[in-house]
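[1] sequence and predicted structure are below.
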Amino acid sequence: MKKFAMLAWLVALAVLVVSCAPAPTPVPPTKAPEPTKAPEPTKAPEATKPPSAGPIKIGFFSPLTGPTAADGQSAFNSAKLAVKLINDAGGINGAPLQLINYDDAGKPDQAASVARKLIESDKVVAAISGAYSGPTRAAAPVFQQAGMVMLSAYAIHPEITKVGDKIFRIGTLADVQGKVGAELVAKNLKAKKVAILTIDNDYGVSLTAGFKAHALKVGLEIIFEQKYSFGEKDFRPIIEKIKAANPDVVYATGYYAEASTLVSQAKDAGLKAQIVGQEGYDSPQFIKLAGANSEGVIITTDLNRDSKEAMTQKFLTEYKKAYNEDADMVGASAFDAVQVLAYAMKTGGTTTDGIIKALKGLKDFKDCATGPFLRYTADRELVRPVSSQIVKGGAFHLYQEFTDPAVTTP
């Protein structure tokens, strides 16, 4: 009986435990997995433009104040025009060209100081002198010692390029321009007797030296010679001496201010001799100041306004459009200096070695206002045609172009 009671108690206890156990958690039915979608193909990123290259800086100095400021401004204006045309056409292999300019006031010491600033502070890759021979001669050694290329736009003194292998010239060397002057006087004007009047500075003295050296070879007789000071305003005493000597031609070096006074006073004094000048006369200011007295004056110059070359006419047109005045030889030479330097950097890169290599390889370059430029000599002088112009109808026009290598090669 006790065993039966014990068994019943155990059965009751088991029922109680089962009834108190938690209900099992229902398991949700498992869904068949959806087929995996193929990932969207990755889109190629939109082409990004390469970051614009920084500007390539070139130095420029010219006289913007002082007695030669008109020429300096013309040179600066023309250099700016060249930079604009180059940048409008895509710059230097895509990089814009930037002109860093300073005023040298026509002073050699200031030009040397400007050269150091361009090199040390502005970090230009090359430089152009838009200055006269004195300031250019002072700046050239600074660039040479720094290992930087400098182009002389229109300064003509022979010693400039002799400074070293980094110094190149755009304008015609004084020796050559003087030689062309003698050639013109002897062979085109058929003159025999010449009076020489020389402005007493690097420009005038070097031109006269070139003229005299060739004059002897072409049979000219120099019957009178005298120097005068920069800024001279009274040529009448000298003119009387020239009249007494009775030359066929007066070869007179000078700039437009002195030249306009000279030709006016010569006309007033009744001087019959033909006056032959040089590039220093080549300015609209000469004709403006001398007026009718400028008629018939002949000059040697690098700018042939009647040239058929496309870039010559483009320069003359664009300059007039930009500045509302006629261009001159000084401006054309500065324009060409920028054009030649741009060509060198496009061709050889912006290192000094690359620029020099490109300049040495320049051949038949026509992208210039005073060209074509045939080549550079080993002494970094350009072989190029030289023009002579005559004032006719109140404007400069072609008189004779000189292309004979025996005359035009430095």
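    Perfect, thanks for sending it.
[2] how about the helices in the stretch 251-400 of the chain?
    Assigned by DSSP state H, counting those that start in this stretch, the helices in the stretch 251-400 of the chain fall at 256-268, 284-290, 310-323, 329-348, 352-360.
[3] closest one to residue 388 among those helices?
    helix 329-348 (11.9 Å; C-beta to C-beta). Yep, even glycine has a C-beta here, placed from its N, CA and C like the rest.
[4] what bridges to residue 228?
    Residues in a beta bridge with residue 228, per DSSP bridges, are residue 199.
[5] isn't it right up against residue 201?
    No. With contact defined as C-beta atoms under 8 Å, residue 228 does not reach residue 201; the gap is 10.4 Å.
[6] stretch 147-166: end-to-end distance?
    Using C-alpha to C-alpha, to the nearest Å, the end-to-end distance of stretch 147-166 comes out at 7 Å.
[7] and that stretch, how far from the chain's centre?
    Per C-alpha atoms, centre = their mean, to the nearest Å, the displacement of stretch 147-166 from the mean C-alpha position of its chain is 13 Å.
[8] same question for stretch 76-90.
    Worked out by C-alpha atoms, centre = their mean, stretch 76-90 lies 9 Å from the chain centre.
[9] so who does the closest residue to residue 247 other than its chain neighbours touch?
    In space, and not counting its chain neighbours, residue 247 is closest to residue 195: 4.0 Å by C-beta to C-beta, 6 or more residues apart in numbering. Residue 195 makes contacts with 222, 223, 224, 225, 242, 245, 247, 249, 250, 251, 273, as judged by C-beta atoms under 8 Å, 6 or more residues apart in numbering.
[10] ok, of those, which come out buried?
    For these, a burial check counting by 16 or more other C-beta atoms under 10 Å picks out 222, 224, 242, 247, 249, 250, 251, 273.
[11] mind putting these into a markdown table with pLDDT and secondary structure?
    As requested, those are exported to a markdown table (pLDDT from 0 to 100; DSSP: H, G, I helix; E, B strand; the rest coil):
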| residue | pLDDT | secondary structure |
| --- | --- | --- |
| 222 | 98 | strand |
| 224 | 98 | strand |
| 242 | 98 | helix |
| 247 | 98 | coil |
| 249 | 98 | strand |
| 250 | 98 | strand |
| 251 | 98 | strand |
| 273 | 98 | coil |
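[12] want to throw these into a markdown table with distance to residue 332?
    Below are the buried ones among the contacts of residue 195 laid out as a markdown table (distance: C-beta to C-beta, whole Å):
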| residue | distance to residue 332 |
| --- | --- |
| 222 | 31 |
| 224 | 33 |
| 242 | 31 |
| 247 | 31 |
| 249 | 26 |
| 250 | 26 |
| 251 | 23 |
| 273 | 29 |
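[13] wait, residue 348 touches residue 354, no?
    Yes. When contacts are counted by C-beta under 8 Å, residue 348 is listed as touching residue 354 (3.4 Å).
[14] how close does residue 256 get to residue 108?
    Residue 256 sits at a distance of 22 Å from residue 108 (criterion: C-beta to C-beta, to the nearest Å).
[15] out of those two, which sits in the busier spot?
    Taking other C-beta atoms under 10 Å, residue 256 and residue 108 do not tie; residue 256 has more neighbours (24 against 18).
[16] contact partners for that one?
    Per C-beta under 8 Å, 6+ apart, neighbours of residue 256: 70, 280, 281, 282, 283, 285, 286, 289.
[17] in the sheet, who's paired with the closest residue to residue 76 other than its chain neighbours?
    Nearest non-adjacent residue to residue 76, counting by C-beta to C-beta, 6+ apart: residue 62, 5.1 Å away. When bridges are assigned using DSSP bridges, the partners listed for residue 62 are residue 103.
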